[in-house]
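Colleague: sequence and predicted structure below; questions after.
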Amino acid sequence: MLFGMKKNFSDINPFFWTISTYKGILIRNISDFFSKEKFARTKQKKKLENLVYTHSSTLIKKGKGIDIRTQKNKAVNIKIASSHINGIIIQPGEVFSFWKTVGAVNKRKGYKEGRVIKQNKLVTGTGGGLCNLANTINYMILHSPLQIVEFHKHSDALASDIGHRVPMANGTSVSYNYIDYRFKNNTDYDVQIILWCDDEKLYGELRSEKEFPYRYELMEEGHHFERKEGQYYRVSKIYKNTIEKETGKRLNKELIWDNHSLVMFDYNLIPKDELKE
């Protein structure tokens, strides 16, 4: 805080924001240089035998207030970044890092201007939309025994729900390279991420050498919207259940997100029956 103002140093001026970003990148590089973690780097085309979980998400969202140009650019960005991740093997004890795998994003590599969240506002930026890719990976990892070691949240209320509500369908934040998404393979088997795109969707598979004895599911409780000081928020609690495959018995219920997300879509699209004043 500066002179009692309720703003961060980087909120005051775009120049300060840039300085803060480069500072974050430098600190991350120094931290990784001295880190004892082994980061996953091996890739192979052949898929590992066992499918742990599969997930897909829409690349181009359409609707009121959505800029179709940035949506199409997001699809391009995701296709480029996915190609760097597809096939990566994470061996036992290794850590997957989103940014160490994808690398820096810039126009020279073909990345375009997409939608990003900056200081709680939707703006455009080179490589925008990669949070959607990180979230697809996170969603698969949540359905596995793998250990998430770095996760940053942003609002999961970027667009109104279409059809059935899917908890954790959004909400993973990444920004090169100091806001990363990382998980560790704490199992005894190699695991692999497979990604591919068509014109409309991003598809992902999490695969392993051998089958794990448990399956995992996400459940949401108390979902509703609230209004506070003129703004609306999505509120809920999201849990991860661990279920024994052989017996179907639930062994654990873990709270993974006490959700209180700023609504960033047209308030008129909030279902009236889900609104609690």
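Modeller: Nice, I can see it. Predicted model only: the values in this text are computed from it and were never measured. Numbering: from 1, shown residues only.

Colleague: switch to C-alpha atoms for all contacts and neighbour counts from now on
Modeller: Fine.

Colleague: the nearest residue to residue 127 once chain neighbours are set aside: how many residues sit nearby?
Modeller: Closest residue to residue 127 apart from its sequence neighbours, by C-alpha to C-alpha, 6 or more residues apart in numbering: residue 111 at 5.2 Å. By other C-alpha atoms under 10 Å, the residues close to residue 111 number 22.

Colleague: wait, isn't residue 111 in contact with residue 126?
Modeller: Yes: Residue 111 is within contact range of residue 126, at 6.2 Å (criterion: C-alpha atoms under 8 Å).

Colleague: residue 68 and residue 80: what is the separation?
Modeller: 19 Å (C-alpha to C-alpha, to the nearest Å).

Colleague: oh sorry, the question was meant for residue 256
Modeller: Residue 256 sits 30 Å away from residue 80, going by C-alpha to C-alpha.

Colleague: what do you get for residue 53?
Modeller: On the measure of C-alpha to C-alpha, residue 53 and residue 80 end up 23 Å apart.

Colleague: cool, residue 55 as well?
Modeller: 19 Å.

Colleague: go on, residue 187?
Modeller: 29 Å.

Colleague: show me the helices in this structure, by range?
Modeller: 14-34, 68-85, 98-102, 130-142 (DSSP state H).

Colleague: of those helices, which shows the lowest average pLDDT?
Modeller: Lowest mean pLDDT within those: helix 14-34, a mean of 81.

Colleague: list the contacts for residue 259?
Modeller: The contact partners of residue 259, by C-alpha atoms under 8 Å, 6 or more residues apart in numbering, come to 234, 235, 236, 237, 238.

Colleague: any idea which of the residues you listed is closest to residue 31?
Modeller: Checking these against residue 31 by C-alpha to C-alpha gives residue 238 as the nearest, at 31.4 Å.

Colleague: quickly list what that closest one is bridged to.
Modeller: residue 220, residue 257 (DSSP bridges).

Colleague: tell me where the protein has strands.
Modeller: 50-58, 88-90, 95-97, 113-118, 121-126, 147-150, 182-184, 191-197, 201-208, 214-228, 231-244, 250-262, 275-276 (DSSP state E).

Colleague: let's have the contacts of residue 259 in JSON lines, adding pLDDT and neighbour count.
Modeller: JSON lines is the format used below for the contacts of residue 259 (pLDDT from 0 to 100; neighbours: other C-alpha atoms under 10 Å):
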{"residue": "234", "pLDDT": "96", "neighbour count": "20"}
{"residue": "235", "pLDDT": "97", "neighbour count": "18"}
{"residue": "236", "pLDDT": "96", "neighbour count": "18"}
{"residue": "237", "pLDDT": "97", "neighbour count": "16"}
{"residue": "238", "pLDDT": "97", "neighbour count": "20"}
